[in-house]
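Chemist: Take this sequence and fold it.
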Amino acid sequence: MSDGDGLDPMRLWREWFVKSEKAWSDALTDLMGDERFSNGMGRYVHEALHTHRMFSEAMAQYLANLNIPSRADILDMSDRMAHIEDTLNQIQVELRGQRSQLTKLAASAPGAEERKRPARTRKPETNDS
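Modeler: Predicted coordinates for the structure are as follows:
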């Protein structure tokens, strides 16, 4: 065992693994390169898509009969809510801008400093005149 020429089980296993992987890779490459395989896989994918579409339509009809929203309905409502939130945010930005403009106009108006607001009390103002 000291010279390294003895049987190394890990080396043997590694060689077997590499050879087997190459053999499988070559066999599958040949198989997938065949026109019949491509046609068969295309038919399989087409049938799977058709089955998925039929199932989705049947489930949507079932949920509609039970008056339960489908996934598409929920996604549509989510899109609508996002649009409404965006619109409200735009309105809020506009209102803030208009409010700041009004504040500036009111502050720059002649006699703005002279105007005094009435005292905020519960008692009505009395006219002493």
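Chemist: for the chain, what spans make up the strands?
Modeler: Read by DSSP state E, the chain holds no strands at all.
Chemist: how does it divide up, domain by domain?
Modeler: Domain assignment for the chain, taken from automatic domain parsing, gives 10-68, 69-105.
Chemist: now those domains in a markdown table, with mean pLDDT, mean neighbour count and distance to Pro124?
Modeler: Bear in mind the C-beta positions are built from the backbone N, C-alpha and C, glycine included. Shown next, in a markdown table, are the domains of the chain (pLDDT from 0 to 100; neighbours: other Cβ atoms under 10 Å; distance: least, Cβ to Cβ, whole Å):
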| stretch | mean pLDDT | mean neighbour count | distance to Pro124 |
| --- | --- | --- | --- |
| domain 10-68 | 93 | 10 | 58 |
| domain 69-105 | 94 | 10 | 29 |
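Chemist: Rebuild those domains as CSV, extending it with distance to Asn127.
Modeler: Formatted as CSV, the domains of the chain follow (distance: least, Cβ to Cβ, whole Å):
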stretch, distance to Asn127
domain 10-68, 66
domain 69-105, 31
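Chemist: for the lengthiest helix in the chain, packing partners?
Modeler: In the chain, assigned by DSSP state H, the helix with the most residues is helix 71-108. Helices and strands touching helix 71-108, as assessed by 3 or more Cβ pairs under 8 Å, 6 or more residues apart in numbering; DSSP states H and E, are absent.
Chemist: now it, how far from the centre of its chain.
Modeler: Offset of helix 71-108 from its chain centre (Cα atoms, centre = their mean, to the nearest Å): 22 Å.
Chemist: now do stretch 58-69
Modeler: Relative to the centre of its chain, stretch 58-69 is centred 24 Å away, using Cα atoms, centre = their mean.
Chemist: Using PDB, write down the CA coordinates of it.
Modeler: What follows is stretch 58-69, C-alpha atoms only, in PDB (Å, rounded to 0.1, in the frame of the first residue of the first chain):
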ATOM      1  CA  ALA A  58     -63.100  24.700 -15.800                       C
ATOM      2  CA  MET A  59     -61.800  26.000 -12.400                       C
ATOM      3  CA  ALA A  60     -62.700  29.600 -13.300                       C
ATOM      4  CA  GLN A  61     -66.300  28.500 -14.300                       C
ATOM      5  CA  TYR A  62     -66.600  26.500 -11.000                       C
ATOM      6  CA  LEU A  63     -65.400  29.400  -8.900                       C
ATOM      7  CA  ALA A  64     -67.800  31.800 -10.800                       C
ATOM      8  CA  ASN A  65     -70.700  29.400 -10.000                       C
ATOM      9  CA  LEU A  66     -69.700  29.500  -6.300                       C
ATOM     10  CA  ASN A  67     -69.400  33.300  -6.500                       C
ATOM     11  CA  ILE A  68     -65.700  33.100  -5.400                       C
ATOM     12  CA  PRO A  69     -63.100  35.300  -7.200                       C
END
